[in-house]
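**Student:** sequence first, predicted coordinates after that:
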Amino acid sequence: MLYQRLCSMALTSLLLLPAANLSATSLEAEIDRALQARCLDSRQTAVRILSVEDGKVIYSRNAETPLLPASIQKVLTTAAALHYLGPEYRFTTQVRYTGERQSNRITGDLVLRGGGDPFLRGEDLWNMADNLKRSGITQIEGGIIADVHLFDAYDRAPSWDEQRTQRAYDAKIGALSLNLNTISVHALPGVRVGDPLRVWLEPAPAYMQLDNQGLTMQDTKDNRGRSSFWATRQAIIPVAQNKDGVLPIEVHGRLPIGAEEQVGFINVDNPARYTAESFRYFLNKAGIQVRGATQISQQMVSSISLYQHTSVPLSMVLKELNTYSSNFIAEQILKTIAAERVQEQQPASHAQALQQIIAFLQQAGISTDGLNITDGSGLSRQNRFTAHAMTDLLRYMYPRFDVGPDFISSLRVMGARGAHSRRLKNSPARGQVRGKTGTLNGVSTLTGYVPDQQGKVYAFAFFLSNNSCGYSGADQIEDAILKAVFESNSAPANHAPVISSMLTAPTQTQAK
C-alpha cells in the first residue's frame with residue numbers, strides 16, 4: 001500500500017508540471033518517463049500514437065505485441081457496427097398474432113418477436129400494450145409467445161466463463177431482452193425502526209416474488225456508514241399452476257429512517273421469459289386479458305403483424321455503449337451484425353459475427369496478425385489486440401464521412417461534465433480528449449483521440465497489462481501521456497483549431 005501511494009504521489013507531481021511546449025524529442029522523453037513506473041510490466045506495456053492526418057507515428061513501444069484489450073474492444077465493435085449497419089440503423093420489436101382477430105378479441109396467441117434491441121425499456125412495452133388497447137383489443141384467448149429466432153440459444157459469448165454472477169455487467173443476451181436484462185429492485189425505509197423495508201419491482205411480472213428480509217434502522221451518524229441494501233435471485237420454485245415455476249428474489253440489508261429511495265440491480269436468468277411476462281404485466285395494466293401461458297420459441301412463429309416498436313438510431317445506442325461500457329449492449333450489437341449479414345434462415349451466432357469483424361478489419365487494411373477476437377465487449381481474457389491495430393483502426397474511421405463523425409462522438413469526452421467525467425479533471429487536456437477506457441484485474445487500457453496545441457489530432461492506444469499500479473495509478477500514467485501530447489508543439493493553447501481540424505481533416509484513402 002505504501003509503495004502504491006508513493007508511486008501515486010510521484011505520478012501526480014508529473015501531472016501538475018507546467019506546460020512544457022514539448023518538441024518531438026522531449027515529448028518522447030516525457031512518455032518514456034511516464035512508462036518508467038515500477039508498477040508496469042515493461043514486456044506487457046504497449047503504446048502507439050500517430051497522426052490521423054498523415055499517419056506519422058510519434059511514439060511506439062511494443063506496438064506489435066498482442067495484449068488484453070479489456071473494454072476498448074468495444075471500440076472495434078462500434079466501428080464494425082457503423083460500417084455494416086450504419087448510424088441510422090434501428091432495432092425493431094414486433095407484436096404479432098396467430099389465429100384470427102374478431103372485433104376486440106384475438107382467438108390465437110400474441111407473438112412478441114425480438115429484433116435484438118439492446119435498449120428496449122419497460123416504457124416501450126407499456127406503449128405497445130397501450131396502443132393495442134387503443135386499437136380495440138381487450139382479450140387474447142391464447143397466451144404469449146416469445147419469438148427469439150433471430151439469435152441462437154447462446155446467452156453469452158462462448159469464450160466467457162460458464163460460471164456467471166448476478167451483477168448487471170454480467171447480464172445474459174437474447175433476441176428479446178428488456179431493461180438491459182436487469183431487474184430493478186426498489187427500496188424505501190419503513191415508518192418505524194424495526195419495520196420491514198418497503199420494496200417493489202418495476203416492472204413486476206407475476207412469476208417474480210419478493211422475499212423481503214430488509215429492516216429499517218435508526219437514523220444516526222454512526223449508523224449511516226453501515227446502511228446497506230441488496231437483492232439476490234434464488235433458484236426457481238416449481239409451482240403446480242405455473243409449469244415454469246416462480247422466481248424468488250430476496251432483499252437484504254438495512255436503511256435508516258428518512259433515507260431516500262434506493263435501487264438495486266441484478267441480472268435476469270431468462271431474458272425472453274422476463275420480457276414476455278413483463279409484457280403480460282403491462283397488457284393487464286392496459287386492460288387486456290391474456291388467458292394462456294407464456295411460451296418461448298427458438299423458431300420463427302408464423303403470424304400476422306399488429307404493431308412494431310422501433311428503437312432510437314444506432315448512433316445513440318453506441319454513445320450509451322461507450323459511455324457506460326455495457327457488455328450487454330456490445331454483445332447484442334455483435335450478434336445483430338451477424339443477423340443482418342447471414343442468411344435469414346440461420347439464427348445469428350457469435351462465430352458468424354466474429355468472422356464479420358475480421359473481414360471488416362481486413363477490408364480496412366488493418367493487420368490481423370496476432371489478434372484473437374472472441375467477443376464484442378472485451379470481457380473475455382482470451383481476447384488479444386495490438387496497439388498498432390487499434391491506432392490504425394482509429395485512423396481509418398476518423399475521416400470517413402459516412403460514419404466517422406458518429407464513431408468519434410460515441411467516445412466519451414474525458415473530463416467534461418457528464419457521466420464518468422473524473423478523468424483529466426485537473427489536467428490541461430480536460431475536455432479535449434475523446435476516449436474509451438478498459439479495465440480487468442491487472443489490466444488498464446485506453447484508446448481514442450487527442451489534439452496538440454496546433455490542433456493536430458493524434459490517435460492513441462495504451463495497453464498496460466499485468467500491471468500492479470491499481471486503478472488510480474494506471475490512470476495517472478495514461479493521463480500523464482495524454483497531457484504531454486496535448487501540450488506538445490510551440491503554438492499557444494487555442495481550442496478552436498482543434499474543432500476545425502476534426503471537421504476538415506483530409507479524406508484518407510482506404511489502405512489496400
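**Tutor:** Yes, it's here.
**Student:** alpha carbons only for contacts and neighbour counts from here, please
**Tutor:** Fine.
**Student:** okay, which residue is most central for this protein?
**Tutor:** residue 326 (1.7 Å; Cα atoms, centre = their mean).
**Student:** for it, which non-adjacent residue is closest in space?
**Tutor:** Distances taken as Cα to Cα, 6 or more residues apart in numbering put residue 169 closest to residue 326, at 6.7 Å, once the chain neighbours are dropped.
**Student:** just checking, the one you found touches residue 331?
**Tutor:** No - contact between residue 169 and residue 331 fails when scored by Cα atoms under 8 Å: they sit 11.6 Å apart.
**Student:** looking at the two, which is more packed in?
**Tutor:** residue 331 (27 against 18; other Cα atoms under 10 Å).
**Student:** for the more buried one, grab phi and psi.
**Tutor:** Main-chain torsions, residue 331, degrees, to the nearest 10: phi -70, psi -30.
**Student:** how much space is there between the nearest residue to it once chain neighbours are set aside and residue 384?
**Tutor:** Distance criterion Cα to Cα, 6+ apart; nearest residue to residue 331, sequence neighbours excluded, is residue 376 at 5.3 Å. Remark: distance between residue 376 and residue 384 (Cα to Cα, to the nearest Å) = 12 Å.
**Student:** before we move on, what about residue 356?
**Tutor:** 17 Å.
**Student:** residues touching stretch 128-143, excluding its own?
**Tutor:** With contacts defined as Cα atoms under 8 Å, 6 or more residues apart in numbering, stretch 128-143 is touched by 95, 103-110, 279, 282-283, 286-295, 307, 309.
**Student:** filter these down to the ones in helices?
**Tutor:** Assigned to helices by DSSP state H, the following of the contacts of stretch 128-143 qualify: 279, 282, 283, 286.
**Student:** need the residues you listed in a markdown table with pLDDT, neighbour count and distance to residue 248, can you?
**Tutor:** Shown next, in a markdown table, are those (pLDDT from 0 to 100; neighbours: other Cα atoms under 10 Å; distance: Cα to Cα, whole Å):
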| residue | pLDDT | neighbour count | distance to residue 248 |
| --- | --- | --- | --- |
| 279 | 98 | 23 | 19 |
| 282 | 97 | 24 | 21 |
| 283 | 98 | 24 | 23 |
| 286 | 97 | 19 | 26 |
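**Student:** quick check, nearest of those to residue 408?
**Tutor:** For the ones in helices among the contacts of stretch 128-143, the residue nearest residue 408 by Cα to Cα is residue 279; the value is 36.1 Å.
**Student:** out of everything not next to it in sequence, what's closest to that closest one?
**Tutor:** residue 125 (5.8 Å).
**Student:** which residues touch the strand ranked longest in the chain?
**Tutor:** Assignment by DSSP state E gives strand 242-256 as the longest strand of the chain. Residues outside strand 242-256 that contact it (Cα under 8 Å, 6+ apart): 188-189, 197, 207-220, 223-224, 227-239.
**Student:** what sits against residue 45?
**Tutor:** 61, 62, 462, 463, 464, 465.
**Student:** do you know the pLDDT at the nearest residue to it once chain neighbours are set aside?
**Tutor:** Nearest non-adjacent residue to residue 45, counting by Cα to Cα, 6+ apart: residue 464, 4.7 Å away. As predicted, residue 464 sits at a pLDDT of 98.
**Student:** next one: residue 498
**Tutor:** pLDDT, read off for residue 498, is 40.
**Student:** ok, the one 10 residues further on next?
**Tutor:** Model confidence at residue 508, expressed as pLDDT, equals 37.
**Student:** residues contacting the residue nearest to residue 279?
**Tutor:** By Cα under 8 Å, 6+ apart, the contact set of residue 125 is 278, 279, 282.
**Student:** picking that back up, just the buried residues of the contacts of strand 242-256.
**Tutor:** 188-189, 197, 207-210, 212, 214-218, 227, 229-233 (16 or more other Cα atoms under 10 Å).
**Student:** which of those residues fall within strands?
**Tutor:** Filtering those for strands - DSSP E - leaves 188, 208-210, 212, 215-217, 229-233.
**Student:** farthest-apart pair in these, please.
**Tutor:** So, those by Cα to Cα: farthest apart are 208 and 217, at 26.7 Å.
**Student:** residue 479 contacts residue 424, doesn't it?
**Tutor:** Yes - at 6.5 Å, residue 479 counts as touching residue 424 under the criterion of Cα under 8 Å.
**Student:** hmm, residue 459 is touching residue 54, no?
**Tutor:** No - when contacts are counted by Cα under 8 Å, residue 459 is not listed as touching residue 54 (11.2 Å).
**Student:** which residue of those two possesses the greater neighbour count?
**Tutor:** Higher neighbour count among residue 459 and residue 54: residue 459, with 26 against 11, using other Cα under 10 Å.
**Student:** what sits against that one?
**Tutor:** 49, 50, 51, 52, 391, 394, 395, 447, 448, 449, 450.
**Student:** quick one: contacts for the residue lying closest to it once chain neighbours are set aside?
**Tutor:** Closest residue to residue 459 apart from its sequence neighbours, by Cα to Cα, 6+ apart: residue 449 at 4.6 Å. Applying Cα under 8 Å, 6+ apart, one finds that residue 449 lies in contact with 433, 434, 435, 457, 458, 459, 460.
**Student:** try it again at 10 Å.
**Tutor:** 49-52, 391, 394-395, 398, 408, 411, 413, 432-436, 457-461, 482 (Cα atoms under 10 Å, 6 or more residues apart in numbering).
**Student:** residue 230 too?
**Tutor:** 185-187, 214, 250-254, 262-266.
**Student:** same check on residue 406?
**Tutor:** 78-79, 82, 86-88, 314-316, 318-319, 397-398, 400.
**Student:** which regions of the stretch 351-500 of the chain sit below the pLDDT cut-off?
**Tutor:** 419-420, 490-500 (pLDDT under 70).
**Student:** which stretches of it form helices?
**Tutor:** Taking DSSP state H, counting those that start in this stretch, the helices of the stretch 351-500 of the chain run over residues 387-397, 404-410, 470-486, 496-504.
**Student:** columns distance to residue 66 on top of these, output as a markdown table?
**Tutor:** What follows is these, written out as a markdown table (distance: least, Cα to Cα, whole Å):
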| stretch | distance to residue 66 |
| --- | --- |
| helix 387-397 | 8 |
| helix 404-410 | 24 |
| helix 470-486 | 19 |
| helix 496-504 | 30 |
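**Student:** any idea which of the ones you listed is most buried?
**Tutor:** helix 387-397 (a mean of 25; mean count of other Cα atoms under 10 Å).
**Student:** for it, name the packing helices and strands.
**Tutor:** Other elements packing on helix 387-397 under the criterion 3 or more Cα pairs under 10 Å, 6 or more residues apart in numbering; DSSP states H and E are strand 45-51, strand 57-61, helix 73-85, helix 350-363, helix 404-410, strand 443-451, strand 457-464.
**Student:** let's go with 7 Å and repeat that
**Tutor:** Counting contacts by 3 or more Cα pairs under 7 Å, 6 or more residues apart in numbering; DSSP states H and E, helix 387-397 is packed against strand 45-51, strand 457-464.
**Student:** all strands of the stretch 1-150 of the chain, in order?
**Tutor:** 45-51, 57-61, 92-97, 101-102, 105-106, 110-113, 139-140, 144-147 (DSSP state E, counting those that start in this stretch).
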